[in-house]
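Novice: No letters, just coordinates:
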């Protein structure tokens, strides 16, 4: 991940935590709703930065050409 991808991931996680705590989320469904809302916060911020900077936040620099599972399998052979 590049720096901005990490920052927006952290924003989504922190937003989710704060929303869940403030709403006293109990159980899967309430925590899922908090996670969706936290993700929306990060998504809106990411889209806003992309519009203002005219650049994508996501990059392909950490893209795997070969999945790790098949890579490990090929190394064993």
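Specialist: Here it is on my side, so go on. Source: prediction; values computed, not measured. Numbers count the residues shown, from 1 in each chain.

Novice: burial of residue 37, as a residue count?
Specialist: Neighbours of residue 37 under the rule other Cβ atoms under 10 Å: 16. Backbone N, C-alpha and C define where each C-beta goes, glycine included.

Novice: where does the closest residue to residue 2 other than its chain neighbours fall, phi/psi-wise?
Specialist: Excluding the flanking residues, the one nearest residue 2 by Cβ to Cβ, 6 or more residues apart in numbering is residue 59, at 5.2 Å. The phi and psi values for residue 59, taken as degrees, to the nearest 10, are phi -130, psi 170.

Novice: Give me the contact list for the strand or helix carrying residue 9.
Specialist: Per DSSP states H and E: residue 9 is located in helix 3-22. Residues outside helix 3-22 that contact it (Cβ atoms under 8 Å, 6 or more residues apart in numbering) are 1, 25, 30-31, 34-35, 37-39, 41-43, 45-46, 49, 57-59.

Novice: Now which of these would you call buried?
Specialist: 25, 34, 35, 37, 38, 39, 41, 42, 45, 46, 57 (16 or more other Cβ atoms under 10 Å).

Novice: Could you pull up the residues touching the fourth one?
Specialist: Right, residue 37. Taking Cβ under 8 Å, 6+ apart as the test, what residue 37 contacts is 15, 16, 19.

Novice: which among the residues you listed end up buried?
Specialist: Applying 16+ other Cβ under 10 Å to the contacts of residue 37 flags 15, 16, 19 as buried.
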